[in-house]
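Colleague: whatever this is, show me its structure:
(one chain, ligands or ions: 1)
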Amino acid sequence: MTVYASFQFYQFYAELNAFLVPSNRQRPVFRACPKGASLKHMIKVFGIPHTEVDLILANEVSAGFEHPIRSGDLISVYPYFGMRNVSPLLMIPFRPLRGDRFIADLHLGRLAAQLRMLGFDVLHDNHYPDREIAGISAEENRIVLSRDRNRLIHKKIERGCFIHAISPDEQVLEIMNRLDLSQNIRPFTCCLRCNGLLHDVDACSVTNRVPQRSRQYYSRPLECSNCRNIYGGLAYDSDARTSNSDHCNSRERNLPISR
Ligand SMILES: [Zn+2]
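Modeller: Prediction:
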């Protein structure tokens, strides 16, 4: 039987309200706290992934996830602040969230392809179990991209982004804005199929590997260091569309990632 030790008011701001049941949005919510529970636990009780929280105030004072909870506390929880620097206020580890290497969730294949078009290092695989995603994220310092809040609530995932937008174009903008990635774009550097690095290759040496009808687009071809796929100019865009539908749903983890 759960033993409740205290009661607090919780208020969640901005995008965090999207995770709440309608009756709890945009207002303080009175909630009982089990004995020994942390702030991190209580935030998860509301269905909010800890990865989406940038700032907690306990009675208007910055608090970390393990801050001791007392009866009558007013807990205010905020999402990421974008370009506004609130780092002096932050008590939560691993903040602010920065990085341009990712591991994308099952349903984000098109987003993965679009990020690769911009030159970002994105792993994507239909068969990653939660535990493997958490492990890869930690070992390779990758940010988990997901539209599954329960995946991000996984206690071993420390760096993640819940993707609110539905369309891939809007998803890219959401990530670019949240992580301030505009300076990190490196187009034509990343294989859309396997996430390998692209390098220049002599056009004459790859002529027989390019369909005759497309050779006009391959005056300055690029070759993937991993899968040897050839890209060139407009053909890169064409392959991106193909990749969105055909390749991003393939198993990619077996391919070596030359990063
Ligand atoms: Zn490749």
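
Colleague: okay, CA-based contacts and neighbour counts for the rest of this
Modeller: Noted.

Colleague: per-domain residue ranges of the protein.
Modeller: Domain segmentation of the chain under automatic domain parsing yields 4-89, 101-247.

Colleague: roughly how far is the shortest one from the heart of the chain?
Modeller: The one in question is domain 4-89. Relative to its chain's centre, domain 4-89 lies at 21 Å (C-alpha atoms, centre = their mean, to the nearest Å).

Colleague: re the thing from before, comparing the domains of the chain by mean pLDDT, which bottoms out?
Modeller: Least confident of the domains of the chain, judged by mean pLDDT, is domain 101-247 with a mean of 84.

Colleague: quick check: residues of this protein near the ion?
Modeller: Within the chain, the positions near the ion by C-alpha under 5 Å from the ion are 191, 194, 196, 224, 226-227.

Colleague: just put those in TSV and tack on secondary structure and neighbour count.
Modeller: What follows is those, written out as TSV (DSSP: H, G, I helix; E, B strand; the rest coil; neighbours: other C-alpha atoms under 10 Å):
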residue	secondary structure	neighbour count
C191	coil	31
C194	coil	30
G196	coil	26
C224	strand	23
N226	coil	17
C227	coil	17
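
Colleague: any chance of those residues in a markdown table, with distance to I69 too?
Modeller: Shown next, in a markdown table, are these (distance: C-alpha to C-alpha, whole Å):
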| residue | distance to I69 |
| --- | --- |
| C191 | 48 |
| C194 | 47 |
| G196 | 47 |
| C224 | 53 |
| N226 | 51 |
| C227 | 53 |
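
Colleague: picking that back up, tell me which of the domains of the chain is the most buried.
Modeller: Greatest average neighbour count among the domains of the chain goes to domain 101-247 (a mean of 19), per mean count of other C-alpha atoms under 10 Å.

Colleague: isn't A32 up against F7?
Modeller: Yes - if you go by C-alpha atoms under 8 Å, A32 and F7 touch, sitting 4.4 Å apart.

Colleague: what about the strands in the stretch 151-259 of the chain?
Modeller: Taking DSSP state E, counting those that start in this stretch as the test, the strands found in the stretch 151-259 of the chain are 160-162, 198-200, 222-224, 230-231.

Colleague: mind putting those into a markdown table with distance to I48?
Modeller: Below are the strands of the stretch 151-259 of the chain laid out as a markdown table (distance: least, C-alpha to C-alpha, whole Å):
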| stretch | distance to I48 |
| --- | --- |
| strand 160-162 | 10 |
| strand 198-200 | 38 |
| strand 222-224 | 39 |
| strand 230-231 | 41 |
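
Colleague: of all these, which one is nearest L39?
Modeller: Set against L39 and scored by C-alpha to C-alpha, these come closest in strand 160-162, at 18.5 Å.

Colleague: and that closest one, how far out from the chain's middle?
Modeller: Relative to the centre of its chain, strand 160-162 is centred 4 Å away, using C-alpha atoms, centre = their mean.

Colleague: partners of it, with directions?
Modeller: strand 143-146 (parallel) (DSSP bridges).

Colleague: for the partner strand, which outside residues touch it?
Modeller: By C-alpha atoms under 8 Å, 6 or more residues apart in numbering, the list of residues contacting strand 143-146 from outside reads 99-105, 107-108, 133, 137, 152, 157, 159-163.

Colleague: what about 7 Å?
Modeller: Outside strand 143-146, the residues within contact range by C-alpha atoms under 7 Å, 6 or more residues apart in numbering are 101-105, 137, 159-163.

Colleague: which secondary structure element contains Q11?
Modeller: Following DSSP states H and E, one finds Q11 within strand 4-12.

Colleague: whichever helix or strand comes after that strand pairs with which strands, parallel or anti?
Modeller: Note on strand 4-12: by DSSP H and E, the next helix or strand toward the C-terminus is strand 29-34. Next to strand 29-34 in the sheet, as set by DSSP bridges, lie strand 4-12 (antiparallel).
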